[in-house]
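Asker: fold the following.
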Amino acid sequence: MPTIISVTSGKGGVGKTSMAVNMSLRLQDAYGPTLLVDSDLLMADCHVLLNSQPSLDLIDVLEGRYEWPDAVHILDNGLSFLAGRTAPNLLVETNTDRLTKLLTVLKSDAHGFDYIVVDTPAGSGVGVLNTLSVSDHMLIVLLGQATSFVDAYALIKSAYLERQLTSFAAIVNIAKSAKQADLIFNSFSRTVTSFLPVEISYKGHVTWMQDIVSSSIHGGTVSGVASKARIADKMDKILKSLLVMSPVFVTTEPIIPQAFSV
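Answerer: Residues are numbered from 1 along each chain as shown. Here you go, the predicted structure:
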């Protein structure tokens, strides 16, 4: 079965989507066939960072118009992508249970993938909690800001009280140094574990990188050998800690999904 990694935050604007996209690209290049799922049903952004405009998306699948393999878009490096949608009039609650069912189907039946990365919406709504409950790894993206701490704490508290989840992973984004990232994580971890019987493991940090900022501003994946190498090094350190394994291969062969009913 594929390993599901949910990238979440509680708060918007911490670089969660950028982390999910760059992690997925690196997983596809060096760890195994990967599917990126943008599970935001209202304000999806992954397609912007990937400079991709799939004709079908997650909503088409959840509302029963297509099977999930029909909506999967294959990118140039072989990464498979199931896009979300910006749809302010969508009945989110109606599709929340369908999304959970889809992720369950993907976990049990999507044998062509080694990894599924889910970019969750911000916040701690039912859809986010359901996604975390079917994930193998819950990766929380933190910033050294009070608002990031408060919202991430609220997410963990809801996940514990409502879904009995007790094990979380965290990374610190846009840190000035490894030392600062350690301080930020330790402060957050002490606060959370003082009030909740949960475990939070530290998986690394990402410093401010112009390569990522530029790709976010202009849309499109990071280009250039040097830029890709810098990001790959950061992602490898995080993934090695998260998955307890190192890169195993490089591939550009696309995975052709097989049809399954949702």
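
Asker: only C-alpha atoms from now on, for both contacts and neighbour counts.
Answerer: Will do.

Asker: tell me which residue of the chain is furthest from the middle?
Answerer: Centroid-distance maximum for the chain: residue 194 at 27.0 Å, with CA atoms, centre = their mean.

Asker: ranges for the helices of the stretch 151-262 of the chain?
Answerer: Taking DSSP state H, counting those that start in this stretch as the test, the helices found in the stretch 151-262 of the chain are 178-195, 210-218, 225-243.

Asker: reformat these as a markdown table; add mean pLDDT and distance to residue 56.
Answerer: Formatted as a markdown table, those follow (pLDDT from 0 to 100; distance: least, CA to CA, whole Å):
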| stretch | mean pLDDT | distance to residue 56 |
| --- | --- | --- |
| helix 178-195 | 96 | 39 |
| helix 210-218 | 68 | 23 |
| helix 225-243 | 84 | 29 |
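
Asker: could you dump the ones you listed into a markdown table with distance to residue 71 added?
Answerer: Converted to a markdown table, these look like this (distance: least, CA to CA, whole Å):
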| stretch | distance to residue 71 |
| --- | --- |
| helix 178-195 | 38 |
| helix 210-218 | 24 |
| helix 225-243 | 27 |
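
Asker: do you know which of the ones you listed lies nearest residue 17?
Answerer: helix 210-218 (9.7 Å; CA to CA).

Asker: low-scoring stretches of this structure, by residue?
Answerer: For the chain, the stretches flagged by pLDDT under 70 are 87-94, 215-227, 245-246, 248-262.

Asker: now do the strands in it.
Answerer: With strands called from DSSP state E, the chain shows them at 3-8, 34-38, 73-74, 80-82, 115-119, 137-142, 167-175, 199-207.

Asker: make TSV from those and add mean neighbour count to it.
Answerer: Below are the strands of the chain laid out as TSV (neighbours: other CA atoms under 10 Å):
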stretch	mean neighbour count
strand 3-8	25
strand 34-38	27
strand 73-74	22
strand 80-82	26
strand 115-119	26
strand 137-142	24
strand 167-175	20
strand 199-207	19
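
Asker: just grab the bridge partners of residue 139 for me.
Answerer: Residues in a beta bridge with residue 139, per DSSP bridges, are residue 7, residue 169.

Asker: any chance of TSV for the strands of the chain, columns distance to residue 186?
Answerer: As requested, these are exported to TSV (distance: least, CA to CA, whole Å):
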stretch	distance to residue 186
strand 3-8	19
strand 34-38	30
strand 73-74	39
strand 80-82	34
strand 115-119	25
strand 137-142	12
strand 167-175	11
strand 199-207	9
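
Asker: closest one to residue 63 among those strands?
Answerer: For residue 63, the closest of the strands of the chain is strand 80-82, at 14.4 Å, according to CA to CA.

Asker: my read: residue 111 touches residue 2, true?
Answerer: Yes. Residue 111 is within contact range of residue 2, at 6.7 Å (criterion: CA atoms under 8 Å).

Asker: okay, those two: which has more neighbours?
Answerer: When residue 111 and residue 2 are compared for neighbours, residue 2 comes out ahead with 21 against 14, by other CA atoms under 10 Å.

Asker: OK, contacts around residue 235?
Answerer: Neighbouring residues of residue 235 by CA atoms under 8 Å, 6 or more residues apart in numbering: 22-23, 26.

Asker: so of the residues you listed, which ones are in helices?
Answerer: The helices in this structure, assigned by DSSP state H, contain 22-23, 26 from the contacts of residue 235.

Asker: need these in JSON lines with distance to residue 158, can you?
Answerer: JSON lines is the format used below for the ones in helices among the contacts of residue 235 (distance: CA to CA, whole Å):
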{"residue": "22", "distance to residue 158": "27"}
{"residue": "23", "distance to residue 158": "26"}
{"residue": "26", "distance to residue 158": "30"}
